[in-house]
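> just to be clear, the model below is a prediction. Sequence and coordinates:
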Amino acid sequence: MRAFYIKWGDKMEIRTATINDAQELLNIYAYYVLNTAITFEYDVPTLDEFQNRITTILDKYPYIVATINNKIIGYAYANTFKARAAYDWSVEMTIYIDIHYQKQGIGKKLYMTMEELLKLQGITNINACITYPDKEDEYVDKNSVQFHEHLGYKLVGQFHQCGYKFNHWYSMVWMEKMIGEHVTNQPSVKPFRDIEKIYFSDK
């Protein structure tokens, strides 16, 4: 199957996720569910549920993984911001990095790749929903907000003490980045599978 694939340097590769990646991706995500307030999800999803999430997202948006020597070390995907048709040009971005590979520039490369793919789709607005502690603790800090600021995201709103996890109340912020032109006769968004062949390989 021909799919999106790009090589970063000598070691890291970024490609489209597949159903066969689900267990590796779930292993990465499980750490954040069980040990952090970065996600407000309480329970680790089942493998079937996680596979369904991948399939559903890939129907319309990019879902990509970063690998080193065929080991998945991080992943990112875009998803529906709001279900109404008027929001079609906006997406919500999500990213998770293997805990053993943090602070190595992997997140930035995944985001750069996602932005290029989303631009090809015709997306104009990228949004990120981020846990924001009033006081940093062992479950979450403010590094994610700083990461997004470094990549050009702007803070647009805060919901105060709206998430409860590990017997703590956490706030949440929305950040956004504009990547496309807003015009009167806005072209329709292209499904990811339609633009995926622009970057492909036989891998």
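Yep, it's here.

> what about the longest helix in the chain?
For the chain, the helix that runs over the most residues, judged by DSSP state H, is helix 106-121.

> who touches that one?
By Cβ atoms under 8 Å, 6 or more residues apart in numbering, the surrounding residues in contact with helix 106-121 are 4, 6, 8, 12, 14, 61-62, 64, 66, 73-78, 91, 93, 95, 97, 126, 147, 150-151, 177, 179-180, 189-192, 195, 198-199. Every residue, glycine included, has its C-beta placed from N, CA and C.

> 6 Å instead, please
The contact list for helix 106-121 (Cβ atoms under 6 Å, 6 or more residues apart in numbering) reads 8, 14, 62, 66, 74, 76, 95, 97, 151, 179, 189-190, 195.

> from those residues, which is closest to L26?
Distance to L26, by Cβ to Cβ, is smallest for G74 among the contacts of helix 106-121, at 13.6 Å.

> is it correct that that closest one falls within a helix?
No: counting by DSSP: H, G, I helix; E, B strand; the rest coil, G74 falls outside a helix, being strand.

> returning to that earlier point: which of the contacts of helix 106-121 sits closest to K82?
Among the contacts of helix 106-121, and counting by Cβ to Cβ, the member closest to K82 is V189, at 13.5 Å.

> what are the phi and psi angles of the closest residue in space to that closest one that isn't next to it in sequence?
In space, V189 comes closest to G122 once its chain neighbours are excluded; the distance is 4.6 Å by Cβ to Cβ, 6 or more residues apart in numbering. Phi and psi for G122, reported as degrees, to the nearest 10, are phi 100, psi 10.
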